[in-house]
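Participant: need coordinates for the following:
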Amino acid sequence: MLDFPVSLALFDFLPVLLMGVALWYLARLVQAIEAPLHRLAWLGGLLIVAGGLSKATWKLLVAATGVDIGWLATALFPLMAPGFALLAVAIWGSARRIRGRRPLAGWRLALLMVTLAFAVAAIRHWLLDIPRGWFLPLLVLVSLGNLVTSIQLIGLAFHLRRRSIAMLFMVNLAMILALQPIAMSLPDTLAMHWFEQSLTSLGTGCFALAAYLLWRRPTDASGRPSTLARDPA
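Facilitator: Here you go, the predicted structure:
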């Protein structure tokens, strides 16, 4: 692995902080729109932030002391995978409520998704003895959960006629989709790591701002103005 300075390791905490802010407001939004799903949103948010903090802490320890605590690094996807699954279900159900549709059976759907992903991960890792066989199923669940969450939030913002909020969510989604091809096509240098983290921070910052503005947008279940939140964005 490329050596990186403490400054870069500290910079890794910025997207985690911004994501925490975003998830705070999204959980409050879900609680205001579809209260039965708010525990999914809160728990999902906690798992996502815990995964990000685990990986950032690992990098800081390696950079500052040379100590490599492997489980801190590998905890990222086992925490984020169920986190994004729970969040995606909560946001999807809330978006359905805003549109006047029947809400989802939240806990059942989330539990099914998480159980399936971890079952496949266990089979690949222990029964098929595939090296890091657990990684791909959890990566797929993280990617799908993140994608579904982003698409639902973009659609919800457009439904509420808040195009500027939708654009902020779209910037974050564009950063997510662009990072993997960029990482695969360019050399693994220190400058490249700074560039990747800058893009990640930009996207997450837009996501946090959009989540805050969407939470402030007052709306009732039919999309009409109400007192669910504070002021219009």
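
Participant: only C-alpha atoms for contact and neighbour calcs from this point on.
Facilitator: Fine.

Participant: after the helix or strand hosting residue 32 comes which helix or strand?
Facilitator: Using DSSP states H and E, residue 32 falls within helix 13-33. Beyond helix 13-33 in the direction of the C-terminus, DSSP H and E gives the next helix or strand as helix 38-65.

Participant: what comes up buried for that next one?
Facilitator: Of all the residues in helix 38-65, those buried under the rule 16 or more other C-alpha atoms under 10 Å are 38-63.

Participant: now for it, which elements pack on it?
Facilitator: On a contact count with 3 or more C-alpha pairs under 8 Å, 6 or more residues apart in numbering; DSSP states H and E, helix 38-65 meets helix 6-11, helix 13-33, helix 70-74, helix 76-98.

Participant: just how off-centre is the last one within its chain?
Facilitator: Going back to what we said before, that points to helix 76-98. The chain centre lies 8 Å from the centre of helix 76-98; the measure is C-alpha atoms, centre = their mean, to the nearest Å.

Participant: and for stretch 156-164?
Facilitator: On C-alpha atoms, centre = their mean, the centre of stretch 156-164 falls 20 Å from that of its chain.

Participant: what's the end-to-end length of that stretch?
Facilitator: 12 Å (C-alpha to C-alpha, to the nearest Å).

Participant: quick one: average pLDDT of that stretch?
Facilitator: Averaged across stretch 156-164, the pLDDT comes to 92.

Participant: look up how far residue 56 lies from residue 211.
Facilitator: 23 Å.

Participant: ok so, going back, between the helices and strands packed on helix 38-65, which one is nearest to residue 127?
Facilitator: Among the helices and strands packed on helix 38-65, the nearest to residue 127 by C-alpha to C-alpha is helix 76-98 (18.5 Å).

Participant: can you name the residues that contact the closest residue to residue 170 other than its chain neighbours?
Facilitator: Excluding its sequence neighbours, the residue lying closest to residue 170 (C-alpha to C-alpha, 6 or more residues apart in numbering) is residue 154, at 6.9 Å. Shown in contact with residue 154 (C-alpha atoms under 8 Å, 6 or more residues apart in numbering): 165, 166, 167, 169, 170.

Participant: what strand or helix carries the fourth one?
Facilitator: Read that as residue 169. helix 163-185.

Participant: sorry, back to before: now name the helix or strand holding the residue nearest to residue 170.
Facilitator: Per DSSP H and E: helix 135-159 holds residue 154.

Participant: please identify the buried residues of that helix?
Facilitator: Buried positions in helix 135-159, judged by neighbour count with 16+ other C-alpha under 10 Å: 135, 137-139, 141-157.

Participant: what's the answer for stretch 10-19, then?
Facilitator: Neighbour counts over stretch 10-19 (16+ other C-alpha under 10 Å) mark 11, 12, 13, 14, 15, 16, 17, 18, 19 as buried.

Participant: equivalent analysis for stretch 19-39, please.
Facilitator: 19-34, 36-39.

Participant: and if you look at stretch 166-176?
Facilitator: 166, 167, 168, 169, 170, 171, 172, 173, 175, 176.

Participant: what about the second one, distance to residue 180?
Facilitator: Here the criterion is C-alpha to C-alpha. By it, residue 167 lies 21 Å from residue 180.

Participant: the first one too?
Facilitator: As judged by C-alpha to C-alpha, residue 166 and residue 180 stand 23 Å apart.

Participant: ok, back up a step: wait, which of the buried residues of stretch 166-176 is closest to residue 76?
Facilitator: residue 176 (16.3 Å).
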